[in-house]
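> Compute the structure for the input listed below.
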Amino acid sequence: MTAKLYPDEIPNWINGQERKSANNELFDKLRPADGSLMCRVVRSRAEAVDQAVVAAKQAQPVWADVPAVKRGEVLHEIVLAMKAHQAEIARIVAEETGKSYKEAYGETGGAIALGLFYASEGQRLYGRTTTSGTPNKYAMTVRQPVGVAGLIIAANTPIANVAWKVFPALICGNAAVLKAAEDTPVTAWIFGKLAHAAGLPAGVLNVVQGYGEEAGQPLVAHPDVDVISFTGSTEVGRLVQRIAGERLAKISLELGGKNPLVVCDDADLDNAVKWVVLSAFSNAGQRCAAGSRIIVFESIYEQFREMLVARTQMLKVGPTDDDDFGPVINETQLKNMLTAIERARQSGALILTGGEQLSDPAYGQGFYLSPTIIERVDRRHEISEQELFGPITILYRVKDFEEALALANDSPYGLTASIHTRSLHRAIRFCDKVQAGVVVVNAGTYGSEPHMPFGGLKASGNGTREPGTEALDVYSELKDVYINIDPSQL
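Numbering: from 1, shown residues only. Coordinates of the predicted model:
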């Protein structure tokens, strides 16, 4: 049934039409669940990127002239199309990521909710009216589009990531070029198809398939792309910053995390175990907000470790709704994780559970890593400081709250954090002092809602926030307007 959901060759969307690459180059997209060929995908290069940017630049002024309320109505039609095709989108997401259909359906629902939020922002693109220090003078600000938005997304939650960037970019009056993640090309393709069918004018949204260095980098470097929004690794984020910064483009970077979850001696341990498992292993640990550093008070360390290992060993890995999580996105990711685990083992770390590729015949050639818990890791070891983006977490033992807070902050990253405690005093102090863009009490390290700002500190980003109304600051410019009147003309 899924074979009918998409073509055998996934094209670009440029100026409202499906386009192949000029030289008909393609690359293979494999199913993470079993390693089989899912489809072939257009391998775009700078020429295709330029065509998409030209289409966006031509379409943008007309789209910007559409009143924001009306733009919101068009986006609402896209939301309705997504809702009508939610099952279809979810089947595609599940097939190209390996996650269960149930999880993919929930992710699609989240993308729909986010789209609805931004469609409604067409009625609320607020500036402000204020006072002037000069008589007979009135001051205000208004929002205006930036121009052409270059959007580059990750593959971990593909339909959510598409919605996260496309909707706020378009509601502000920009036209967009979306560089799809090479591991999830079909999700971007189906979104483009639904958007155009719902009435989005040609050229307002263009979707370019391809590899980062071949399609993403030309998009970042293109002189007619006015704002770049990138979600991905910190390493690539630095490259984006250098290239786009050289030409003074506006830039939004949502990068990696090595997120701490602190378990205090007064915590509800059952609840803490539940949320550590979800934070560390849901979506195969492929979240920038995954809980990858679990910091536990020494007085409860052994008890908590025993509970956590036992719960983790009960997890079921596979692509069905009966499984807890699926494969990682590709073979390269899997090999990198196995290498990192082995280096930690050789340096003296203890693998409490997992640490191996799952090779049961039922998994075929799929990219499965067993849920992995590690302890006795040096805090300066690379596995303590580098984002792995997989189902791997590390336990650390601390003596008290102050040491826990210090360790939580002793990281190159600062994206999300969580604390489990019954103490209001500890909770408030942690929320105040932890170096993170998102902090949670007595739950997981992930779970931001569409109307709330998400982003981090240090190597986790450049200070911007998406989504929430704060994303409007990424995709719009504020213009001061001063109106002077002549009282003699009253």
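
> can you give me the helices for the stretch 351-490 of the chain?
382-385, 401-409, 424-433, 471-475 (DSSP state H, counting those that start in this stretch).

> Of those helices, flag the one that's most buried.
Ranked by mean neighbour count, the helices of the stretch 351-490 of the chain are led by helix 471-475 with a mean of 24 (mean count of other C-beta atoms under 10 Å). Using the backbone N, CA and C atoms, a C-beta is placed for each residue, glycine as well.

> Packing partners of that one?
helix 158-171, strand 227-231 (3 or more C-beta pairs under 8 Å, 6 or more residues apart in numbering; DSSP states H and E).

> elements contacting the shortest one?
Counting contacts by 3+ C-beta pairs under 8 Å, 6+ apart, strand 227-231 packs against strand 148-152, helix 158-171, helix 217-221, helix 234-246, strand 250-254, helix 471-475.

> ok, and what's touching it?
Outside of strand 227-231, the residues within contact range by C-beta atoms under 8 Å, 6 or more residues apart in numbering are 146-154, 161, 164-165, 169, 174, 219-220, 236-237, 240, 244, 249-255, 288, 466, 474-475.

> now the helices and strands packed on strand 227-231 in a markdown table, with distance to Gly16 and mean pLDDT?
Shown next, in a markdown table, are these (distance: least, C-beta to C-beta, whole Å; pLDDT from 0 to 100):
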| stretch | distance to Gly16 | mean pLDDT |
| --- | --- | --- |
| strand 148-152 | 16 | 98 |
| helix 158-171 | 14 | 98 |
| helix 217-221 | 19 | 98 |
| helix 234-246 | 26 | 96 |
| strand 250-254 | 26 | 97 |
| helix 471-475 | 21 | 97 |
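
> These into TSV, with extra columns for distance to Ala436?
Output for the helices and strands packed on strand 227-231, formatted as TSV (distance: least, C-beta to C-beta, whole Å):
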stretch	distance to Ala436
strand 148-152	24
helix 158-171	19
helix 217-221	27
helix 234-246	15
strand 250-254	14
helix 471-475	19
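
> Between the ones you listed, which one is closest to Gly390.
With C-beta to C-beta, the closest approach to Gly390 among the helices and strands packed on strand 227-231 belongs to helix 234-246: 16.0 Å.

> got the buried residues for the helix or strand Val276 falls within?
Element membership of Val276 [criterion: DSSP states H and E] is helix 269-281. For helix 269-281, burial by neighbour count (16 or more other C-beta atoms under 10 Å) applies to Leu269, Ala272, Val273, Trp275, Val276, Val277, Leu278, Ser279, Ala280, Phe281.

> try stretch 87-107
Under the neighbour-count criterion of 16+ other C-beta under 10 Å, stretch 87-107 has 88-101, 103-105, 107 buried.

> Now the terminal residues of it, how far apart.
11 Å (C-alpha to C-alpha, to the nearest Å).

> tell me the contacts of Tyr413?
Here Tyr413 is in contact with Thr234, Gly256, Gly257, Lys258, Asn259, Glu387, Gly456, Lys458, Ala459, Ser460 (C-beta under 8 Å, 6+ apart).

> Just the pLDDT at it, thanks.
If you check Tyr413, the pLDDT there is 98.

> Ala406 too?
98.

> swap in Lys20?
Reported pLDDT for Lys20: 88.

> How about the backbone phi and psi for it?
When read as degrees, to the nearest 10, the backbone of Lys20 gives phi -90, psi 170.
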